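In: generate a structure from the sequence data that follows.
(chains A and B)
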There are 2 protein chains.
Amino acid sequence: MRLSRFFLPLIKENPSEAQIVSHRLMLRAGMVRQASAGIYSWLPLGHRVLRKVEQIVREEQDRAGAIEMLMPTIQSADLWRASGRYEDYGKEMLRIVDRHEREMLYGPTNEELVTEIFRNAVKSYKDLPLNLYHIQWKFRDEVRPRFGVMRGREFLMKDAYSFDVDAKGARAAYNRMFMAYLRTFARMGLKAIPMRADTGPIGGDLSHEFIILAETGESEVYCDAAWLETDMLKADIDFAADLQPAVEAILANYAATSEMHDAAKCPVPPERLHKARGIEVGHIFYFGTKYSKPMGANVVGPDGALVPVEMGSYGIGVSRLLGAIIEASHDDAGIVWPDAVAPFDVGLVNLRSGDAKCDEACEALYARLQAAGKDVLYADTAESAGAKFATMDLIGLPWQLVVGPRGVAAGKVELKRRKTGERVEMSADEALNRLTAA
Amino acid sequence: MRLSRFFLPLIKENPSEAQIVSHRLMLRAGMVRQASAGIYSWLPLGHRVLRKVEQIVREEQDRAGAIEMLMPTIQSADLWRASGRYEDYGKEMLRIVDRHEREMLYGPTNEELVTEIFRNAVKSYKDLPLNLYHIQWKFRDEVRPRFGVMRGREFLMKDAYSFDVDAKGARAAYNRMFMAYLRTFARMGLKAIPMRADTGPIGGDLSHEFIILAETGESEVYCDAAWLETDMLKADIDFAADLQPAVEAILANYAATSEMHDAAKCPVPPERLHKARGIEVGHIFYFGTKYSKPMGANVVGPDGALVPVEMGSYGIGVSRLLGAIIEASHDDAGIVWPDAVAPFDVGLVNLRSGDAKCDEACEALYARLQAAGKDVLYADTAESAGAKFATMDLIGLPWQLVVGPRGVAAGKVELKRRKTGERVEMSADEALNRLTAA
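Out: All right, here's what the predicted structure looks like:
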């Protein structure tokens, strides 16, 4: 993409409405603009990251055996009356009356709708296990939306729903999602710690939140210092195997949100107990028959008897993740994207656009990088070198490839790694080799 | 994907609520389920096609120079008051009041919001031309939703918005979208005829609908028989060139919706005038300063004077396209997907699942096809051969690769082309060559 043709409206000053760094940087870097309170438009740069994050979530759901579908945003109130949650949900639910005076709502989650779909389609344990997920916009009418996309009203969520004939199967489904979540967040360069959690309005008695440690986090959390030291979350996972031992091994390291933490019962000695703030990026629940019983979602079991299906649900805050990643990865100059979610792999900086030799060298590099499958943002504008560097630092592309008149004369380019700030001069071929090997 | 692990709830009987063939087949093939009136859940098979259609739309928008972003579904009523459309839109607009009694709405289209984003970001003609698009769910509260996804209330639309400093630039932007639409629909195996059209609530005085001829279409249309004979829509397009001559050459062939058709002025002799029914799948508008003027979206022109920006908008009904494609491509046995949008490229039919040799041969083919990048649905279930064939015909995969005990013994498989019904026996290697060359 040529910067001259891209839509990247940057903001020089820190916006006064933004209290946390990710919100500030997403506004300044032209990633989002607020449309109404807690509702954002994703500008092209932000949209690119959103799609990369979404794709990682999708790939890891698929790998764990979940099947993608897509439920609508608008649901019928009657469906929520059937589960008993219509009144429970309170003012966070955006309630709507259509032109025929039917009561509708903008879905904050999808347990009811997916249970209805399941109930009408599946009759036998032979069609289980089943895990259906979708990545869809949700709405929760927060009383005080804040922190940009971290606590917005309209947000993108991945929610998966597992169906099993018995508790043992449901636990296995829970374990697969548990491990899939570890992989998902690790691929984004995040350390997300699973913590025993409260189940809230979803229900059930087994639940974990996945929490990223960050100073601006809304939750207070306690964890064993082991979490900070090890990289236990990156292992390869065989989803066909029994994952219970692996899950237990991970959970042997203490971690809990403040609601679940009890200092008196904490097994971690004080000197190893780390108190921190965290951002919830995922939440998984096993709630058994909470929805299947009232909604009559039954299957015939192996013994011929009809039983309500055992369910769990598994959420990832896809749009919120962008804020969380920035909270965990930025510096004074701007965002530092992990490679896997960067909006472009490389920023190509032409220090003197309009100079025939610089332009020619840049065009050649631009073409070769694209041919190698790299996403490149080519700063081909008439701005100063300083302005181009500041833009590249602000938007946080992992690599900057810098081409200037002196370098071109000497057959050299400069390659800068955003994360470390390291700059190395080398030939164009060497730079291409480095970038395409990365 | 193994059929045994997929979620494909088929319906044997024709559902009584479905009046047109695409609606019947989408329900029977387990592509969608109605969640509420005019609101559908996309089951995994339907979701796969939706994503393929969306991706073709995206690629052709990108090729034509449009830039993807994403605006939210919920908008502020104030924004629509600024353009004067809040009252105009009538009951089709789903109006919402949030917990703070603010008036909101579920966006039926996005001219206002994108104009606001533009106004706050772009100040000079030097940043033009600009074309921003998004692919997002919309809601129109149809009084009588019907025909499944063809006339639903919640639907997926691609809408693009062009911004230019003058009418000449705006016409060039219009032409780029015009040609991009021809490419888009042609890639989906559709012949979509551009027709002079009424502008309705969007406004402006230049507009074309893109219409697919189908007996169940809602619009009456008139066109020169030349449209039925030629393949003028498949040319390669240089989007950097002046497209006006190419657009004019295409429009020289008469085509008009009944609202725009005037028998007295029609240039086509009666014997060449084709009267038919059609389905609108795209609609493009040039409306100049209709939104930029009231909303104050001005840019500095080359002469230093401030002028309201010239705009157009360009819609494609992404979810509706699935219905339109089925209307145009089906037979008595089910759907016949064009290759480019099929949910899977190949259906692998194991005629005797459980037979060691058949299973082994199928597993090998399954692995090799996947390694070659093909999407395969492997019918590995215990159903009868007849049931498997009926499923494959119903869901309309372009190819069926059939493996049975007799063939395995003779080193043969059977390859069936869904569209023609042609079946050819050949070696597994030959079949793989055919499928991976396709």
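In: residues contacting the closest residue to residue A:189 other than its chain neighbours?
Out: Beyond its immediate neighbours in the sequence, the residue positioned closest to residue A:189 (Cβ to Cβ, 6 or more residues apart in numbering or on different chains) is residue A:338, lying 3.0 Å away. (C-beta placed from N, C-alpha, C; glycine too.) Contacts of residue A:338 were listed using Cβ atoms under 8 Å, 6 or more residues apart in numbering or on different chains, and they are A:188, A:189, A:190, A:325, A:329, A:398.
In: next, the contact list for the closest residue to chain B within the stretch 51-200 of chain A, please.
Out: For the stretch 51-200 of chain A and chain B, the shortest gap (Cβ to the nearest Cβ) falls at residue A:121, measuring 3.6 Å. Counting by Cβ under 8 Å, 6+ apart, residue A:121 touches B:7, B:9, B:30.
In: give me the subset of those lying in helices.
Out: In helices, judged by DSSP state H, none of the contacts of residue A:121 are found.
In: and those as TSV, adding pLDDT?
Out: Converted to TSV, these look like this (pLDDT from 0 to 100):
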residue	pLDDT
B:7	98
B:9	98
B:30	98
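In: with adjacent residues omitted, what lies nearest to the residue of the stretch 201-350 of chain A at minimum distance from chain B?
Out: The stretch 201-350 of chain A approaches chain B most closely through residue A:319 (9.9 Å), counting by Cβ to the nearest Cβ. Leaving aside its sequence neighbours, residue A:319 sits nearest to residue A:156 (Cβ to Cβ, 6+ apart; 4.1 Å).
In: any chance you could map the helices in the stretch 201-350 of chain A?
Out: A:226-229, A:244-251, A:292-295, A:318-328 (DSSP state H, counting those that start in this stretch).
In: wait, a strand at residue A:366?
Out: No: applying DSSP: H, G, I helix; E, B strand; the rest coil, one finds residue A:366 to be helix, outside a strand.
In: for the stretch 251-400 of chain A, give me the ranges with low pLDDT.
Out: Judged against pLDDT under 70, the stretch 251-400 of chain A has no low-scoring part.
In: quick check: phi and psi on the residue in it positioned nearest to chain B?
Out: The nearest approach of the stretch 251-400 of chain A to chain B comes at residue A:382, 9.3 Å away (Cβ to the nearest Cβ). Dihedral angles of residue A:382 (phi, psi; degrees, to the nearest 10) stand at phi -90, psi 0.
In: same thing with residue A:376?
Out: phi -120, psi 130.
In: keeping just the C-alphas, turn the one helix or strand the residue nearest to residue A:319 maps to into CSV.
Out: Counting by DSSP states H and E, the element that carries residue A:156 is strand A:154-164. This file holds the C-alpha atoms of strand A:154-164, laid out as CSV (Å, rounded to 0.1, in the frame of the first residue of the first chain):
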residue,chain,number,x,y,z
GLU,A,154,-20.3,-2.3,20.4
PHE,A,155,-17.5,-4.8,20.3
LEU,A,156,-16.3,-7.8,18.3
MET,A,157,-16.4,-11.1,20.2
LYS,A,158,-15.6,-14.7,19.4
ASP,A,159,-18.0,-16.9,21.2
ALA,A,160,-17.9,-20.7,21.0
TYR,A,161,-20.5,-23.1,22.4
SER,A,162,-19.8,-26.7,23.2
PHE,A,163,-22.3,-29.5,23.3
ASP,A,164,-21.6,-32.9,24.9
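In: partners of that strand in the sheet?
Out: Applying DSSP bridges, strand A:154-164 is found paired with strand A:130-139 (antiparallel), strand A:310-317 (antiparallel).
In: identify, out of those, the most deeply packed stretch.
Out: Mean neighbours per residue, mean count of other Cβ atoms under 10 Å in any protein chain shown, is largest over the strands paired with strand A:154-164 for strand A:310-317, with a mean of 26.
In: how far off centre is it?
Out: Relative to its chain's centre, strand A:310-317 lies at 15 Å (Cα atoms, centre = their mean, to the nearest Å).
In: can you check stretch A:205-213 too?
Out: 15 Å.
In: about what we covered before: of the contacts of residue A:121, which ones also sit close to chain A?
Out: B:7, B:9, B:30 (Cβ under 8 Å from any Cβ of the partner chain).
In: the strand holding residue A:156 - what's its average pLDDT?
Out: The pLDDT scores in strand A:154-164 average 98.
In: name the nearest residue to the residue of the stretch 251-400 of chain A closest to chain B, ignoring sequence neighbours.
Out: Residue A:382 sits nearest to residue A:353 (Cβ to Cβ, 6+ apart), 5.7 Å away.
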